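>>> Generate a structure from the sequence data that follows.
(one chain, ligands or ions: 1)
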Amino acid sequence: MNYVKELVTKFENKSARIGVLGLGYVGLPLAVVFAQAGFEVTGIDPIESKIKSLEQGKSYVLDVPDETIQILTSTGKLKATSDFAVLKDLDAVSICVPTPLRKTGDPDLSFIFSVADSLKKYVHPGMAVVLESTTYPGTTRELILSKLTEDNTLKVGEDLFLAFSPERVDPGRIDYTTRNTPKVIGGITPACLEVTSSWYGQALEKVIPVSSAEVAEMAKLLENTFRMINIGLVNEMAIMCDRLGVDIWEVIEAASTKPFGFMKFQPGPGLGGHCIPIDPLYLSWKLKTLNYSTRFINLASEINTGMPRFTVTKIQDALNTHKKPINGSKILVLGVAYKPDIDDLRESPALDIIHLLQEKGAQVQYHDPFIPSINHDELRMQSVADFDKAVKEADCVVIVTNHSLYDYTSIMRDAKLVFDARNATGDAGKDNPKVVKL
Ligand code: SAJ
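Have a look, this model is predicted:
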């Protein structure tokens, strides 16, 4: 049986039955893109509430509107289930499960292990499998392939076609979407690449084939390690400028006038999100097993994780100039999401900053239009209801995440003191005696 030919034909005539394992901010948009391309797609997720929501035509992912779900489910193009047994009837499945870190800072591969165990029960000859979850180079071959072929019934490249294709979803971004962002794919064998590129090529605008799964895994880690290290560099520049008494924000604006050979990054109160602070540590963990120390990653990570403490020191200094000890001061933190205009709190530096301020005896409140409450570790807080009152009453208003809907002019007018960790106040803040910047 020539499964390559059979699968390529099924992808080309859209008769292939597609599965997406994991319906989060990566998996759901991917399932939608495959369904919109004309495939019948089954989304699979163990969390019942997600399945219920989709069955009711409700999206829980920022980038997918309700009406898209309603159209695709009503036409039968998109179904959702928590029953993994449906996998036995599918021709192709993308794995989009989380790859977080453990508390120890080591990779948490439990989601990948669990999904590989489930898939193992149902994988069958003539099936394509693509792993999308960001992970260390070698995962696709060492974990997924070995699990799916451990009983030697399937032969990769002949009746099982396995590849890695890194997700490049940036939640909230509208210029680049799952469909139009170039998609790197690397197969375990050339036939794996041929089959999976044919599949993805039916739905995505640009597929970038590479020679192996490891190249694809490593490309993703380069993308996000590049970002993490450059943010670490500019954060250290901010610390240097603080020592030198030079305005880092003006320095960056000046450097950014260079039309080539420079890329602008901004210092901040820390590094949040589920990608940038985490992905590079998957790489450093893997290299440690090969007796190599990833010094750049380790140093940048150290600098980035030190930024919340540096920020709190600067807040303390700012209060000091107003003859206010931090102990007992009322501090209002503006913006706790990990980046502007989204509702995601994961790894947000605001959590560290609030914790450090409270440790120093400050009375901390927060406001975030996207995050009504914080329920994280021992932190239980509600976003303040009366924003204007809280700004006026605070001894210091700290801009941690510069959501675009804040009116920074009125904040500078009403606040006694503003600590601006994001240069949200811009030039107006530069000449304002009430404003201190990172
Ligand atoms: N940050 C800085 N300074 C910067 C840029 C970011 O301090 O110059 C901070 C942010 O405040 C945030 C963290 O870094 O706390 C991460 O920000 P991010 O803009 O990198 O946003 P993410 O984490 O959503 O990164 C995603 C990534 N996308 C994927 O992994 C598919 C990343 O590769 C993208 O480059 C990034 O979106 C993007 O460009 O928006």
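
>>> Now the closest residue to residue 92 other than its chain neighbours: phi and psi?
Of all residues beyond its chain neighbours, the one nearest residue 92 is residue 128 (4.0 Å), with distances taken as CB to CB, 6 or more residues apart in numbering. Using the backbone N, CA and C atoms, a C-beta is placed for each residue, glycine as well. Dihedral angles of residue 128 (phi, psi; degrees, to the nearest 10) stand at phi -110, psi 140.

>>> what does the model give residue 128 for pLDDT?
pLDDT for residue 128: 98.

>>> Please verify my assumption that it contacts residue 6.
No - with contact defined as CB atoms under 8 Å, residue 128 does not count as touching residue 6 (10.9 Å).

>>> Of these two, give the one with the bigger neighbour count.
Between residue 128 and residue 6, residue 128 has the larger neighbour count (other CB atoms under 10 Å), namely 28 against 14.

>>> contacting residues around the more buried one?
7, 91, 92, 93, 161, 162, 163, 192, 195, 196, 199 (CB atoms under 8 Å, 6 or more residues apart in numbering).

>>> closest to residue 210 among those?
For those, the residue nearest residue 210 by CB to CB is residue 163; the value is 9.7 Å.

>>> So what pairs up with that closest one in the strands?
Beta bridges link residue 163 to residue 130, residue 187 when assigned by DSSP bridges.

>>> I'd say it and residue 196 touch.
Yes - counting by CB under 8 Å, residue 196 is a contact partner of residue 163 at 4.0 Å.

>>> Assumed residue 52 was part of a helix.
Yes - with DSSP: H, G, I helix; E, B strand; the rest coil as the criterion, residue 52 is part of a helix.

>>> So which bits of the protein are right by the ligand?
Residues of the chain lying close to the ligand by CB under 6 Å from any ligand atom are 167-170, 223-224, 227, 231, 265-266, 268, 271-273, 275-276, 338-339.

>>> out of these, which are inside helices?
223, 224, 227, 231 (DSSP state H).

>>> As a check, name the ranges of all strands in the stretch 1-150 of the chain.
17-21, 40-44, 78-81, 92-95, 127-131 (DSSP state E, counting those that start in this stretch).

>>> and among those, the most buried is which?
Mean neighbour count (mean count of other CB atoms under 10 Å) peaks for strand 127-131 among the strands of the stretch 1-150 of the chain, with a mean of 27.

>>> Touching both of residue 128 and residue 6, which residues are there?
For the pair residue 128 and residue 6, no residue contacts each of them under the criterion CB under 8 Å, 6+ apart.

>>> How is the chain divided into domains?
3-211, 306-437 (automatic domain parsing).

>>> Ok, which of those comes nearest residue 247?
When the domains of the chain are compared by CB to CB, domain 306-437 sits nearest residue 247, at 7.2 Å.

>>> excluding its backbone neighbours, what's nearest residue 76?
Using CB to CB, 6+ apart, the nearest residue to residue 76 is residue 40, at 7.0 Å.

>>> Which residues does the one you found form beta bridges with?
residue 17.

>>> residues touching it, list them.
Contacts of residue 40 were listed using CB under 8 Å, 6+ apart, and they are 17, 18, 76, 77, 79.

>>> and the gap between it and residue 148?
23 Å (CB to CB, to the nearest Å).

>>> How about residue 351?
Distance from residue 351 to residue 148, by CB to CB: 38 Å.

>>> More neighbours: which of those two?
Higher neighbour count among residue 351 and residue 148: residue 351, with 23 against 19, using other CB under 10 Å.

>>> element containing that one, please.
Element membership for residue 351 (DSSP states H and E) is helix 349-359.

>>> One more: residue 328?
Residue 328 is part of no helix or strand, with elements assigned from DSSP H and E.

>>> Report the contact partners of it.
For residue 328, the contacting residues are 361, 362, 363, by CB under 8 Å, 6+ apart.

>>> and what of residue 91?
7, 10, 16, 17, 18, 126, 127, 128.

>>> picking that back up, redo the strands of the stretch 1-150 of the chain as a markdown table? Include distance to residue 54.
Listed next are the strands of the stretch 1-150 of the chain as a markdown table, based on distance: least, CB to CB, whole Å:
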| stretch | distance to residue 54 |
| --- | --- |
| strand 17-21 | 12 |
| strand 40-44 | 7 |
| strand 78-81 | 4 |
| strand 92-95 | 17 |
| strand 127-131 | 21 |
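
>>> Which of these sits closest to residue 218?
strand 127-131 (13.8 Å).

>>> picking that back up, which of the contacts of residue 328 are buried?
Buried by 16 or more other CB atoms under 10 Å: residue 362, out of these.

>>> what's the closest of the contacts of residue 328 to residue 375?
Closest to residue 375, out of all of the contacts of residue 328 and judged by CB to CB, is residue 363, at 19.7 Å.

>>> quick one, what contacts the residue found closest to that closest one once you drop the neighbours it is linked to in the chain?
The shortest distance from residue 363 to any non-neighbouring residue, by CB to CB, 6+ apart, is to residue 330 (5.0 Å). Contacts for residue 330 (CB under 8 Å, 6+ apart) come out as 362, 363, 365, 393, 394, 395, 396.

>>> quick one: residue 330 and residue 383, what's the gap?
As judged by CB to CB, residue 330 and residue 383 stand 16 Å apart.

>>> ok, how many other residues are close to residue 248?
Residues within reach of residue 248, counting by other CB under 10 Å, total 21.

>>> The one 5 residues further on too?
Taking other CB under 10 Å as the criterion, the count of residues near residue 253 is 14.

>>> now do the one 3 residues further on
By the other CB under 10 Å criterion, the neighbourhood of residue 256 contains 12 residues.

>>> Could you find the closest non-adjacent residue to it?
residue 264 (4.6 Å).

>>> count of neighbours near that neighbour?
Residue 264 has 11 neighbouring residues, counting by other CB under 10 Å.

>>> Quick check: it touching residue 252?
Yes - at 6.3 Å, residue 264 counts as touching residue 252 under the criterion of CB under 8 Å.

>>> got a pLDDT number for residue 313?
98.

>>> element containing it, please.
helix 295-321.

>>> Now do that helix against helix 349-359, angle only.
50 degrees (axes from the mean of the first three to the mean of the last three CA atoms, to 10 degrees).

>>> For the closest residue to the ligand within the stretch 1-150 of the chain, which residues are in contact?
Of all residues in the stretch 1-150 of the chain, residue 134 sits closest to the ligand, at 7.0 Å by CB to the nearest ligand atom. Applying CB under 8 Å, 6+ apart, we find residue 134 in contact with 99, 166, 167, 220, 221, 224, 275, 278, 279, 282.

>>> what residues does stretch 208-225 touch?
So stretch 208-225 is in contact with 131, 134-141, 162-168, 182-188, 193, 197, 275-276, 279-280, 282-283, 296-297, going by CB under 8 Å, 6+ apart.

>>> Drop anything exposed from those.
Listed as buried from these are 131, 134-137, 139-141, 162-168, 183-188, 193, 197, 275-276, 279-280, 282-283, 297; burial here means 16+ other CB under 10 Å.
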